Structure formats: structure tokens, C-alpha cells
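[1] sharing a model prediction with you, sequence too.
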Amino acid sequence: MTVSASIYTSSAHLAPQPAVQVADAALVRWRSINSCLSPIIGKRGVVALYTYSLHLGRNDYPWLADVHQATVQAGEFAQLHAALARQPCAEAEAASQSLQTIFQNLLVRLIGAALTDRLLPPSAPCTGTTCQTSHPDCAP
């Protein structure tokens, strides 16, 4: 084995797995949502909507119960990231999309669709059957 082949082989296992990439994208999205909404509804308001979204999401993704039960602090989404990264890629992406959709729907019920669209960051979660954050390696 040559030195370059050895380096390639040892670094290949360090490449992020698709579920980790989905978790990374979800973390960025939730931090963005938090920074956009916290000045308006407060950090505790964002935490309340997020934890209620987790509560509702665990019906379809029971493993979200662990995230829901973890201590949630304002702007802290590490537990969600870890839980998503442990799932199969398609499951992680579906759960992430579902959680964001639940959160968005709760916000729409509270403040209306027009204001929700104005307040949430541009990369909307899922609409219908498409999602802008879809990872190519997660295709069925």
C-alpha cells in the first residue's frame, strides 16, 4: 500500500455520513429559526414551540422522545442533532422535515401564514412532497 493510498483509506472513514449531513443541515436550520424568531416571540417562546413540535413529532418518530425529554435551553439543538445523526439517512431526513413542518404549522396557527412567511428564514421547510434541504444520498 502506498502512502497516498494509506492516507486516502484512513481519511475515507472520516467523511461525514449522509445522516450526519442531514443532522448538520437541521442544526443550521434550527439555529436560523431561533435567531429570526427569538427577538420577536422571545427565547422561551421559541423553546416552547420547539418542544411542543418535538412532543407532536414523537408520534411518528418515537426516538424524538429522548430529545423532548432532554433539557432544552434556548438556542440549543445538540440533542436533536445527535438523535438525527444516529438514524438511517431517510429516517433522519423525514423526521427533520416533519419537525420543521410541525413547527411552521404551529407558528401559522398562532400568528398567521403571512407573518410566518415573513419571519421564518428563506429556506422554508417542506411544502407538499418536496423539501429544499433534501440530501441526494437519502433518495429512496
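    The structure has been received and is ready for your questions. None of the values given here were measured: they were computed from a predicted structure.

[2] look at Ala70 and report its pLDDT.
    pLDDT recorded at Ala70 is 72.

[3] got it, and Pro122?
    73.

[4] which residues are in contact with the residue nearest the centre of the chain?
    Taking Cα atoms, centre = their mean as the criterion, Ala26 is the residue nearest the geometric centre of the chain, at 2.9 Å. Going by Cβ atoms under 8 Å, 6 or more residues apart in numbering, Ala26 touches Phe77, Leu80, His81, Leu84, Ala92, Ser96, Leu99, Gln100, Thr133. For every residue, glycine as well, the C-beta is placed using N, CA and C.

[5] residue boundaries of the strands in the protein?
    Taking DSSP state E to define them, one finds strands in the chain at 126-127, 130-131.

[6] and for the residue lying closest to Gln87 once chain neighbours are set aside, the neighbour number?
    Here the nearest residue to Gln87 in space, its sequence neighbours aside, is Ala19; by Cβ to Cβ, 6 or more residues apart in numbering that works out to 5.8 Å. When counting by other Cβ atoms under 10 Å, one arrives at 22 neighbours for Ala19.

[7] same check on Ala65?
    Neighbours of Ala65 using other Cβ under 10 Å come to 15.

[8] quick one: buried residues of stretch 58-75?
    Arg58, Tyr61, Leu64, Val67, His68, Ala70, Val72 (16 or more other Cβ atoms under 10 Å).

[9] swap in stretch 113-120?
    Going by 16+ other Cβ under 10 Å, stretch 113-120 has these buried residues: Thr116, Leu120.

[10] who's in contact with the residue nearest to Gln87?
    With Cβ under 8 Å, 6+ apart, Ala19 has these contacts: Leu84, Ala85, Arg86, Gln87, Pro88, Cys89, Glu91, Ala92.

[11] show the buried residues in those.
    Leu84, Ala85, Gln87, Cys89, Glu91, Ala92.

[12] most widely separated two among those?
    By the measure Cβ to Cβ, Ala85 and Glu91 form the most distant pair in the buried ones among the contacts of Ala19, at 11.2 Å.
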